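Fold the following and give me the result.
(one chain, ligands or ions: 1)
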Amino acid sequence: MSQLHLSPLRHFLAEFTRLVSEPHAESTRLELGATLLRQLIADDRWLAPEFAQSHPEYYQQYLLYADPLSRFSVVSFVWGPGQKTPIHDHRVWGLIGMLRGAESSQTFVINHHGELRTQGEPVVLQPGDVEQLSPSANDIHQVSNLYRDQVSISIHVYGANIGAVSRAVYTPDGQQKPFISGYSNLHLPNIWDLSKESAHA
Ligand code: FE
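Numbering: from 1, shown residues only. Predicted coordinates:
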């Protein structure tokens, strides 16, 4: 198997660690983070096949990296044909970058009667596109693979170790159910073995 060049991911993680170390307002962090994520997803050769593997029944969320101080995490979301999330929230900022295929994200809000309502039209992400999520603006959404006949993959960055965050999924009538997503993988990419990369550089 040819050696993967993980340098784009390693570079992204270094830059993102710098970014979260600076005292930016959330909107600035999202803007600067979106620029970094756009650079990462401009080329998809760094994502190993094991983190791009779909499951016949469930969308997959592979943790690629979690900051030791839980300031951010990076997750590869793999959507099998026609798969979608339940309606859910995040409770932290997020960035969604489309790597392969396409997805559709519908935002929801809870009105003053406690009812769940769609807000605006679905946002469609194509490869290279990045969507920003903020707890104060568009925290509740449902994401679907745009394709019924192919796998789609997006790279997500969140302002916490997202798989461990206590958050909620929503039934269509607006009822919340507690939810901790966890992750689909047991092992993370080894971004630190520079010897193998330089041998093929
Ligand atoms: Fe989401």
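
in this protein, which spans are helices?
7-21, 26-40, 194-199 (DSSP state H).

Could I get the buried residue list for the second one?
Judged by neighbour count (16 or more other CB atoms under 10 Å), helix 26-40 contains these buried residues: E26, R29, L30, L32, G33, A34, L36, L37, L40. Just so you know, the C-beta spots here come from the backbone N, C-alpha and C atoms, and that holds for glycine as well.

and that helix, average pLDDT?
The average pLDDT within helix 26-40 is 97.

Packing partners of that helix?
helix 7-21, strand 94-100, strand 130-133, strand 152-158 (3 or more CB pairs under 8 Å, 6 or more residues apart in numbering; DSSP states H and E).

6 Å instead, please
helix 7-21, strand 94-100, strand 130-133 (3 or more CB pairs under 6 Å, 6 or more residues apart in numbering; DSSP states H and E).

Please convert these to a markdown table, extending it with mean neighbour count.
Output for the helices and strands packed on helix 26-40, formatted as a markdown table (neighbours: other CB atoms under 10 Å):
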| stretch | mean neighbour count |
| --- | --- |
| helix 7-21 | 16 |
| strand 94-100 | 23 |
| strand 130-133 | 21 |
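
Out of the ones you listed, which is closest to I110?
strand 130-133 (16.1 Å; CB to CB).

for the helices of the chain, which one sits closest to Q106?
helix 26-40 (19.9 Å).

now the angle from the closest one to strand 152-158?
When axes from the mean of the first three to the mean of the last three CA atoms, to 10 degrees is applied, the directions of helix 26-40 and strand 152-158 differ by 140 degrees.

which outside residues touch helix 26-40?
P8, F12, E15, F16, L19, W93, L95, G97, V130, Q132 (CB atoms under 6 Å, 6 or more residues apart in numbering).

Distance check, the closest residue to the third one other than its chain neighbours against F179.
What sits nearest to E15 in space, not counting adjacent residues and going by CB to CB, 6 or more residues apart in numbering, is L36, at 5.2 Å. L36 sits at a distance of 28 Å from F179 (criterion: CB to CB, to the nearest Å).

try N161
15 Å.

Which residue of those two possesses the greater neighbour count?
Using other CB atoms under 10 Å as the criterion, N161 and F179 rank with N161 on top: 19 against 15.

Isn't that one up against A66?
Yes. If you go by CB atoms under 6 Å, N161 and A66 touch, sitting 4.8 Å apart.
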